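In: Below are the sequence and a predicted model; questions follow.
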Amino acid sequence: MTKELTYLNYLKQDRLPTQWCPGCGNGIILKLACQAMEKLKIVKKGTVMVSGIGCSGRSAGFFDLDSVHTAHGRALPVAEGIKLAKEELNVMVISGDGDLFGIGGNHLLHASRRDTDITVICISNAIYGMTGGQCSPTTEVTSKTLTTPRGNVDSPINVQALVTAHNCFYARSTTFHYNHAMKCIFEALQHKGFSFVEIKSQCITNDGRRRGFKNSYEMLMSYKETYRINNSTNKLEHNEIGIIR
Amino acid sequence: MTKSLLQGNQAIALAAVKAGLNFYAGYPITPASEILHELVNKKTVKVLQMEDEIASINAIIGSSLAGAKSMTATSGPGFSLMQESIGLAHMMEIPLVIVNVQRVGPSTGMPTFPAQGDMLQCKYGSHGDYFPIVFYPNSVAELYEFTFNAFNAAEESLSPVILLSDSYVGHLYETIEESDYPISNRTLAPLGTSNRHFTGLTHEDSKPVTSDPEVHKKLIKRLETKQKKVSRKYNDYEYIENKNSKILLIAYGALSRAAYDLKDDYAIYRPVRIFPIVEKLIEIAKDYEEIVVIEMNTGQYVNEVERLLHRQINFIPILGGKIDLNEIWTKLRKIKKKR
Ligand SMILES: Cc1ncc(C[n+]2csc(CCOP(=O)(O)OP(=O)(O)O)c2C)c(N)n1
Ligand code: SF4
Ligand SMILES: [Mg+2]
């Protein structure tokens, strides 16, 4: 009997379950990526997944694709090298906020400037999850982390401004807004040129619990309360999610 | 056969194209930039000028995985930036050629002057244990030839091979024959054909295994054995015997060219495959009472030689990018007197 094709076929099922904490947003984003690929009938042969280092950096290894787990921050130049050497490949990146905006921030500036035809999904959990919960470039002002015990004093990085400055595709969504997030990835994958999807995601273990959330459900609900979908703008406000082309 | 007047850096670029180079990523730096300048005019090579050397090495890791023979070239400061990803390429077993045209360091140092201060960085610069194959030619013709060897060794070992040079040899003009040499083809299937996972984590069968010491030991042993095996195909060195001399001089790269002037009075050994160190030296060294390593650093390769030969080795450092034969003469005389 043949099994019906499902999004799980995009994953190496013998590597499941993942080692991520219960309630972590990473799993939601893995599923979103698979379902968006399935919807687009993306063929596994000819598709490559690239990640950097971090909890999110483990993503690439779960896909039933040729995949590359690069050094911390280096997913983008590796992905660009792949794409520019073999243009017929679909090249996707899934990586973390620390990886893509902190240590790898310079590469984001230049990959978007070059408008390399790759799709990047950032698991934007506002924390360095893997290393225990240090402040990241996306941590909100006043937020308490392991390294900002009296509250973060620096503003988070403006990813939208960076990516759209080069007229690239930018979308923002959250792990609560499942269908919206799916649409963002779906459209990003079809975009010709550099496309960047930032998905706000919860790290309960090394972020949420320090900020008074009892569980990841409460964190998801906070996304529900904070973010409004805006479908007709070329600049998202702080509390808006949507797609800028 | 065509004869041409070529600069060392230019010879590397031309040979790389003949050896099958498809993809080059780099960042400008003296004294290596001519390689980038030469390659931008080649139709068969995709050339990217990246935002820095970290991006450059990572871009060629990607392009090589995608099936393109790939290279980057730099000098000390850029080579330092590449170190983390050189380790990654060893761990993921990716064929690459990395050219390092050395200049005086540390830091910005003396950008246009030759040095040999990156000898140990080649072998130990990245964290963890790895077993690089490193060549260091000393003429334009040899740079040309060893560019082929570097590409072939990279494909055969599935590892990043280092081609060392220095600003003296790199900027030297000599007439050479642009010969063709045999080429080793790709064996690594390009990305997009399977479901392999390439990772810098300790792994087994493309799966990360991060808490089993036995898996790690097995992996490191396998990499070491593989690198040694491939390197044995390239046992390159030059030995100028001198039966009248009890002293063997060891020099390489720019400095070895000056050492040739001493061959009437001394025997000379010049390693070309710098790492893994060529073991033939053990046999050669037996015939000499004293061994003197002369190098353009404060003592790097001399340690590797001592480690191989298990005996006291004399050492002459030449610093500041100027090779002065008188300085070498005087220091050699002191060593002679001491005996
Ligand atoms: C060069 C280097 N510096 C530091 C680290 C340690 N490190 C591993 S993951 C990480 C942060 C990851 O944060 P992020 O990208 O946001 O991923 P998350 O774990 O939150 O998913 C750091 C600093 C490293 N692996 N390499
Ligand atoms: S530490 Fe945070 S980001 Fe990492 S797996 Fe746990 S919940 Fe997810
Ligand atoms: Mg993070």
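Out: Nice, I can see it. Numbering: from 1, shown residues only, chains lettered A, B, ... in the order given. Ligands and ions are numbered 1, 2, ... in the order given.

In: Hmm, A:Arg172 is touching A:Gly242, no?
Out: Yes: taking Cβ atoms under 8 Å as the definition, A:Arg172 is a contact partner of A:Gly242 at 6.7 Å. Every residue, glycine included, has its C-beta placed from N, CA and C.

In: Which part of chain B gets nearest to ligand 1, residue-wise?
Out: Using Cβ to the nearest ligand atom, the single residue of chain B nearest to ligand 1 is B:Glu84, 6.1 Å away.

In: Look up the pLDDT of that residue for me, please.
Out: What the model reports as pLDDT for B:Glu84 is 98.

In: I'd guess it is in a helix, am I close?
Out: Yes: assignment of B:Glu84 by DSSP: H, G, I helix; E, B strand; the rest coil places it within a helix.

In: List the residues that contact the residue of chain A found nearest chain B.
Out: For chain A and chain B, the shortest gap (Cβ to the nearest Cβ) falls at A:Gly81, measuring 2.6 Å. The contact partners of A:Gly81, taken as Cβ atoms under 8 Å, 6 or more residues apart in numbering or on different chains, are B:23, B:25, B:48, B:58-66, B:70.

In: Remind me which helix or strand it belongs to.
Out: helix A:75-85 (DSSP states H and E).

In: Same check on A:Glu198?
Out: A:Glu198 belongs to strand A:195-200, assigned by DSSP H and E.

In: What residues sit buried inside that strand?
Out: For strand A:195-200, the neighbour count (16 or more other Cβ atoms under 10 Å in any protein chain shown) marks A:Ser195, A:Phe196, A:Val197, A:Glu198, A:Ile199, A:Lys200 as buried.

In: now swap in stretch B:300-310 and tell me
Out: B:Gln300, B:Tyr301, B:Val302, B:Glu304, B:Val305, B:Glu306, B:Leu308, B:Leu309.

In: can you list contacts of stretch B:217-230?
Out: B:90, B:93, B:129-133, B:153, B:156-159, B:202-204, B:276.

In: now those: which count as buried?
Out: B:90, B:130-133, B:153, B:156-159, B:202-203, B:276.

In: isn't A:Leu30 right up against A:Leu11?
Out: Yes: between A:Leu30 and A:Leu11 there is a contact under Cβ under 8 Å: 7.2 Å.

In: between the two, who's got more neighbours?
Out: A:Leu30 (24 against 19; other Cβ atoms under 10 Å in any protein chain shown).

In: thinking again about what came up before, how far off centre is the strand holding A:Glu198?
Out: 5 Å (Cα atoms, centre = their mean, to the nearest Å).

In: before we move on, what about stretch B:317-334?
Out: 24 Å.

In: Stretch B:94-101 too?
Out: 8 Å.

In: and if you look at stretch B:90-107?
Out: In terms of Cα atoms, centre = their mean, the gap separating the centre of stretch B:90-107 from the centre of its chain is 8 Å.

In: For the stretch 201-339 of chain B, what lies in contact range of chain A?
Out: Contact residues (Cβ under 8 Å from any Cβ of the partner chain) of the stretch 201-339 of chain B with chain A: B:Leu201, B:Lys207, B:Pro208.

In: Which helix or strand contains the spatially closest residue to B:Ser157 that is not a sequence neighbour?
Out: Nearest in space to B:Ser157, with sequence neighbours left out and distances taken as Cβ to Cβ, 6 or more residues apart in numbering or on different chains, is B:Val230 at 3.9 Å. B:Val230 belongs to helix B:213-231 when assigned by DSSP H and E.

In: Now the element after that helix, going C-ward?
Out: strand B:237-240.

In: What pairs with that following strand, parallel or antiparallel?
Out: strand B:267-271 (antiparallel) (DSSP bridges).

In: and the next element down the chain from the strand it pairs with?
Out: strand B:273-275.

In: For that next one, which helices and strands make contact with it?
Out: helix B:119-124, strand B:134-135 (3 or more Cβ pairs under 8 Å, 6 or more residues apart in numbering or on different chains; DSSP states H and E).

In: quick one, phi psi at A:Arg172?
Out: Here is the backbone geometry of A:Arg172 (degrees, to the nearest 10): phi -120, psi 140.

In: who does it bridge with?
Out: A:Arg172 has these beta-bridge partners by DSSP bridges: A:Glu198, A:Gly242.

In: near ligand 2 at all, stretch A:15-31?
Out: Yes: using Cβ under 6 Å from any ligand atom, stretch A:15-31 reaches ligand 2 at A:Trp20, A:Cys21, A:Cys24, A:Asn26.

In: which of these tops the neighbour count?
Out: Highest count within these by other Cβ under 10 Å belongs to A:Asn26, 26 neighbours.

In: That residue reaches A:Ser59, doesn't it?
Out: Yes: using Cβ under 8 Å, A:Asn26 is in contact with A:Ser59, at 6.7 Å.

In: what is in contact with these two at once?
Out: With Cβ under 8 Å, 6+ apart as the test, A:Asn26 and A:Ser59 both reach A:Ile123.

In: now the end-to-end length of stretch B:89-109.
Out: 28 Å (Cα to Cα, to the nearest Å).

In: Equivalent analysis for stretch A:111-126, please.
Out: First-to-last residue span, stretch A:111-126, Cα to Cα: 22 Å.

In: If you count neighbours, what's buried in it?
Out: A:111-112, A:114, A:116-126.
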